[in-house]
Structures are given as structure tokens and as C-alpha cells.
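Student: Sequence first, predicted coordinates after that:
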Amino acid sequence: MIPFLYVKPSKAQAAIDTVAKDQTAMFIAGGTNLIDLMKRSVMNPEKLVDINKLPLRKIEKEDGATHIGALALNSTVAEDKLILERHPLLAQALNAGASAQLRNMATVGGNLMQRVRCPYFYDTAMPCNKREPGTGCSALEGYNRMHAIFGHSDKCIAVNPSDMNVALVALDATVLVSGPKGDRKISFADFHRLPGDTPHIDTNLQKGELITAVHITENPYTKNVHYLKVRDRNSYAFALVSAAVGLELNGNTIKSARLAMGGVAHKPWHLTEAEQFLAGKPATEATFKQAAELAMRGAKAFEHNKFKLELGPNTLVQALKNAAGAV
Ligand SMILES: Cc1cc2nc3c(=O)[nH]c(=O)nc-3n(C[C@H](O)[C@H](O)[C@H](O)COP(=O)(O)OP(=O)(O)OC[C@H]3O[C@@H](n4cnc5c(N)ncnc54)[C@H](O)[C@@H]3O)c2cc1C
Ligand code: SF4
């Protein structure tokens, strides 16, 4: 770990200006990811801008949408009455993440921005295009059990490790940011990037831009929802595959569906085609299997993650069955 400067501004503009002007500066929130990366010299910011004094913790209704401040803790959001009433899918996804201790430190903004868990990214002795562009991808021919089956490139095959992000993309959330050029909104589907030729860039956030909140518009996915995470241990483990499902049912007919998968791509994987397929169909296992088949089109596995080609659809079908209730 290299020495670094530490500042804790109380105004958002001061935090933004510092990070925008200084290439070596980074925001820090709960620190549960960034400090690990610094200890291993994977990331070496020379200035840390602690944002914990900023008033970004509120969870409230705002113009019909649910406003979740970027500094709201993962545990607070998962237990919040408004979230449990309006977005139980998000609460389920958050509770499936990490451990209780980590959820008590981790923030919404930090969870959105957490880096990949590819072991080669953390091992500074190994080539990794994400850590050091142009050095190569060790996972392509190496150990790639946790890696992507969708949207990968020959430069990087890592997956986005977040559970929260899977629920938020399914719920069509919006990310609110403030930066040197003012405020803007980014739809959740456009927030994270596929690796392409620039795997070192995880998101479309610009230098100095601060996530201030996430908004979720009012939606009918309050009852028939399920987040299913398949992992090596029942706690404290990242998803091998996960599925976030929200159904709007009229009797046994699906009026509309929201679906996403985690652990399969460099960004939370929104299953829009399968969503469209399900609209107007009966909520039966046969329909769910057809939707899952559609969702898996274009999947391509590597040496050690071929099991995801089967685990993926099975997880989605089970999550759909759980969301629909007794099917
Ligand atoms: C052992 C372990 C197990 C875990 N298991 C899971 C799991 O199963 N599922 C899961 O989803 N997560 C898991 N996590 C990850 C955990 O959820 C993240 O570390 C956490 O959400 C990051 O939040 P933070 O506030 O601590 O971020 P920090 O570590 O403070 O920051 C992370 C990144 O976000 C940036 N950042 C933070 N806030 C903002 C903001 N407002 N605007 C712009 N940039 C910002 C920082 O600059 C940094 O780059 C695990 C972590 C550990 C250590
Ligand atoms: S998969 Fe991505 S993070 Fe992992 S070694 Fe390859 S480039 Fe690095």
C-alpha cells in the first residue's frame, strides 16, 4: 500500500472538484472494496476523498419514484419499510450479498461501482487487461469458473459481482450523478459497460462524477418477485449465477415481467427478449422453460464455466416459479 492523502469534505461540489482535477484522487464510501484493492496494490489512489459527510443517505418517495441516497447502507436499504413495500426484489438481492457485517458498511454507490472479482485482477503478478491495459487476459486460458458467458470479449471475460445491480437493472432504475459539468441521469442499463477493447473502463461514469442517488419508478413488481442466487456457500460468496424476477400477474396470466441475471456478464444482464416473450403467456413451468431458452441464446462458455450454460436456465426457471407462487 502506498501513502495517500485523506480529505473529508462536507460539500458535494468540493468532493467533485477534488476528484475531477486530480487524476490520482478517488471517492471512498464504505471502503469495503477500495481498501482491499489498495492493500493489494491493485488500485493506488494518492488522494482519498471520503464522502461520508455528504447528505446522501435518504430513502424517500420523490415525484412518485423511490429515491435511494448513494450513501444509504446496503443493510439499511434492505430493511427499509418503503423498499420492502415498493421494491422487495431489491431487498432480497441486497440480503443475498456479502455478509451482515459488510452490508452494514457497504453503500449503494460503492456497490454500483465495485470492481470485478476475477482472481487475476487481484494478483498483480499476472497479466490482466483490466488492471493494466494491453498486458493480456490471464483468465481466457486460465481458471475461468466464475467468468462470463455473455457479452465478453477477447480482452476480458470477468463478470460484474454485484447482487444489487441485478435487481436494479430488472427494475429499470436510474442513476443520478453530479459532476464538474452539472447533474445528469443515467439509465441503469447504460451505467455498466461491456469489456470490448476497453475492459479497464467498468462504467460510463466520467472522472469526477459522483453518484448521488438511485431512483426506481413506481412499478407493479411488489408481490410476485424473487431473487435467486446460486453460490458455493450459503453466505459470504459471490454468485455463480443469480436471477432477479418480477412478475405482474392477472390470475395465472403474466401481464408483464422483469428479468435479469447476475454472474454471467461484465454488466448485470437484462433479459429483455425473455421479458417480452412472457407478456400475455400463462405462468406455467413450460412457459418459463421457453423464456429461459430464449434468455440463453448467444451464451458462450469457457473451459471451467460450461456448467453455467445449464445452471443459468435452471436458476431462471426456479426464480420464475418462486415468483409466481404455486405453479
Ligand atoms: C468478502 C466480501 C464478500 C462480498 N460479497 C458480495 C456479494 O456476495 N454480493 C455483492 O453484491 N457484493 C459483495 N461484496 C462487495 C460489497 O458489496 C462491496 O464491497 C460494497 O458494496 C462496496 O461499497 P463501499 O461503499 O464499501 O464502496 P467503496 O469500497 O468505498 O468504493 C468502491 C468504489 O466505488 C466508488 N464510489 C463509492 N461511492 C461512490 C459514489 N457515491 N460515487 C462515485 N463513486 C463511488 C469508489 O471510488 C470505489 O471505486 C463483497 C465484499 C467483500 C469484501
Ligand atoms: S477476465 Fe478481465 S479481470 Fe480477469 S484477467 Fe482477464 S482482463 Fe483481467
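Tutor: In hand now; what should we look at? Ligands and ions are numbered 1, 2, ... in the order given.
Student: how is the chain carved up into domains?
Tutor: 5-52, 224-324 (the TED database).
Student: since we're on P45, how many residues are nearby?
Tutor: As a burial measure, P45 scores 20 neighbours (other CB atoms under 10 Å). For the C-beta atoms, the positions are set from N, CA and C on the backbone; glycine is no exception.
Student: Ligand 1 contacts on this protein?
Tutor: Proximity of the chain to ligand 1, by CB under 6 Å from any ligand atom, involves residues 26-34, 36, 51, 70, 97-98, 102, 105-107, 109-111, 113-114, 161-164, 210-211, 236, 238.
Student: Apart from its neighbours in sequence, what residue is nearest V225?
Tutor: L89 (4.0 Å; CB to CB, 6 or more residues apart in numbering).
Student: and after the stretch of helix or strand that neighbour belongs to, which helix or strand comes next?
Tutor: L89 is part of helix 88-95, with elements assigned from DSSP states H and E. Heading C-terminal from helix 88-95, the first helix or strand you meet, by DSSP H and E, is helix 100-103.
Student: Pull the residues that contact that next one.
Tutor: Helix 100-103 is contacted from outside by 32, 73-75, 78, 94-95, 97, using CB atoms under 8 Å, 6 or more residues apart in numbering.
Student: which among the residues you listed gets closest to ligand 2?
Tutor: Among these, T32 lies closest to ligand 2 (CB to the nearest ligand atom), at 19.0 Å.
Student: pretty sure that closest one contacts G110?
Tutor: Yes. Look at T32 against G110 with CB atoms under 8 Å: they come within range, at 6.9 Å.
Student: who's more crowded, those two?
Tutor: Of the pair T32 and G110, G110 is the one with more neighbours under other CB under 10 Å, namely 24 against 19.
Student: Provide the secondary structure category for that one.
Tutor: Here G110 is recorded as helix under DSSP: H, G, I helix; E, B strand; the rest coil.
Student: Next up, the contacts around it.
Tutor: Going by CB under 8 Å, 6+ apart, G110 touches 29-34.
Student: returning to what we had before: return the alpha-carbon coordinates of the helix holding L89 using CSV.
Tutor: Below are the C-alpha coordinates for helix 88-95, written out as CSV (Å, rounded to 0.1, in the frame of the first residue of the first chain):
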residue,chain,number,x,y,z
PRO,A,88,-39.0,-6.2,-2.2
LEU,A,89,-36.9,-7.7,-5.1
LEU,A,90,-34.2,-5.1,-4.3
ALA,A,91,-34.3,-6.0,-0.6
GLN,A,92,-33.9,-9.7,-1.4
ALA,A,93,-31.0,-9.1,-3.7
LEU,A,94,-29.2,-6.9,-1.1
ASN,A,95,-29.7,-9.5,1.6
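Student: other SSEs contacting that helix?
Tutor: Secondary-structure packing of helix 88-95 (3 or more CB pairs under 8 Å, 6 or more residues apart in numbering; DSSP states H and E): helix 74-79, helix 81-86, helix 164-170, strand 224-230, strand 241-250.
Student: Next secondary structure after the third one?
Tutor: Same thing as helix 164-170. Beyond helix 164-170 in the direction of the C-terminus, DSSP H and E gives the next helix or strand as strand 174-179.
Student: The following helix or strand past that following strand - what's its average pLDDT?
Tutor: Next along the chain after strand 174-179, taking DSSP H and E as the criterion, comes strand 182-187. Strand 182-187 shows an average pLDDT of 98 in the prediction.
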